[in-house]
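> I need the structure of the sequence given here:
(chains A and B)
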Amino acid sequence: GAGVSQSPSNKVTEKGKDVELRCDPISGHTALYWYRQSLGQGLEFLIYFQGNSAPDKSGLPSDRFSAERTGGSVSTLTIQRTQQEDSAVYLCASSLKSTYEQYFGPGTRLTVT
Amino acid sequence: AQSVTQPDIHITVSEGASLELRCNYSYGATPYLFWYVQSPGQGLQLLLKYFSGDTLVQGIKGFEAEFKRSQSSFNLRKPSVHWSDAAEYFCAVGPSSNTGKLIFGQGTTLQVKP
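Predicted coordinates for the structure are as follows:
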């Protein structure tokens, strides 16, 4: 079946602009996660959704970052007023339930100029 | 605090040689443990997982890993490496029941010499 998909695959934006990153999880997976991968910080957890609610937002680095999930499926990660330190690969993952293994999408490479 | 340590940042092996990638974890409860592989420009692919039971787990692409509670380790092994195994490998621990978070090691880059 189809895996986790993310769009866009690459995004270049100017400092101060807002960006939206999209994730389509595997059909039927109730849990969805966002991670960030950067050279200096490795793989960092951002946020976890169970259905449409987010029990754990502890990894969001600042209030410029927000995420939502609608219909228990698609999720959007929004970064407002982007900064150069936001440049990274943003990875989305989904799992059947929160304690099951996570399957990752190909990521969105964000470059802030 | 929960953490994962991969002591080797970079490893080079010859094609056909055996491989062992090290992973040590610190986790309060019985851990769920994972190994993922990432090829350049790609997402993470799950190689194998340990939840409970047999401490030697088999994964895809001929990989296996052994959970050793006494050593807090979950080392990844392969008896004979292929050139296509060159990639970055990540060990991860979690998630707990109240958060989906996986905690990742810093990764080990595997280079395969012909």
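
> span of stretch A:88-102 from start to end?
Across its full length, stretch A:88-102 reaches 20 Å between end residues, using CA to CA, to the nearest Å.

> ignore what I typed, I meant stretch B:80-98.
With CA to CA as the measure, stretch B:80-98 spans 39 Å from end to end.

> enumerate the positions of that stretch that are buried.
B:81, B:85-96 (16 or more other CB atoms under 10 Å in any protein chain shown). C-beta coordinates here come from the backbone N, C-alpha and C atoms, glycine included.

> okay, now the unreliable bits of the chain?
Defaulting to chain A. Chain A contains residues with pLDDT under 70 at A:1.

> was after chain B, sorry
Ranges of chain B meeting pLDDT under 70: B:96-97.

> try 90 this time
B:1-2, B:27-31, B:40-43, B:51-54, B:94-101 (pLDDT under 90).

> angles on the backbone of the spatially most central residue of chain A, please.
By CA atoms, centre = their mean, chain A has its centre lying nearest to A:Trp34, at 3.5 Å. Taking degrees, to the nearest 10, you get phi -120, psi 140 for the backbone angles of A:Trp34.

> cool, and B:Leu33?
Torsion angles, degrees, to the nearest 10, at B:Leu33: phi -130, psi 140.

> A:Trp34 contacts A:Thr78, correct?
No: A:Trp34 is not in contact with A:Thr78 according to CB atoms under 8 Å; the separation is 10.9 Å.

> shared neighbours, these two?
Both A:Trp34 and A:Thr78 are contacted by A:Ala67, under the criterion CB atoms under 8 Å, 6 or more residues apart in numbering or on different chains.

> where's the helix or strand containing B:Val13 relative to the chain centroid, distance-wise?
Secondary structure assigned from DSSP states H and E places B:Val13 in strand B:10-14. On the basis of CA atoms, centre = their mean, to the nearest Å, strand B:10-14 sits 15 Å off its chain's mean C-alpha point.

> which positions within that strand qualify as buried?
Buried residues in strand B:10-14, defined by neighbour count with 16+ other CB under 10 Å: B:11, B:13.

> over to stretch A:105-113?
Neighbour-count burial for stretch A:105-113 [16+ other CB under 10 Å]: A:105-110, A:112.

> need the distance between the two termini of that stretch.
One end of stretch A:105-113 sits 25 Å from the other (CA to CA).

> do it and chain B meet?
Yes: using CB under 8 Å from any CB of the partner chain, stretch A:105-113 comes into contact with chain B via A:105-107.

> closest to A:Gln83 out of those residues?
Distance to A:Gln83, by CB to CB, is smallest for A:Gly107 among the residues of stretch A:105-113 next to chain B, at 19.5 Å.

> wait, that closest one sits on A:Gln37?
Yes: A:Gly107 is in contact with A:Gln37 according to CB under 8 Å; the separation is 7.2 Å.

> next, show the common contact partners of these two.
A:89-91.

> possible to save the residues you listed as JSON lines with secondary structure, distance to A:Asn52 and neighbour count?
Putting those into JSON lines (DSSP: H, G, I helix; E, B strand; the rest coil; distance: CB to CB, whole Å; neighbours: other CB atoms under 10 Å in any protein chain shown) gives the following:
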{"residue": "A:Val89", "secondary structure": "strand", "distance to A:Asn52": "25", "neighbour count": "20"}
{"residue": "A:Tyr90", "secondary structure": "strand", "distance to A:Asn52": "20", "neighbour count": "23"}
{"residue": "A:Leu91", "secondary structure": "strand", "distance to A:Asn52": "20", "neighbour count": "25"}
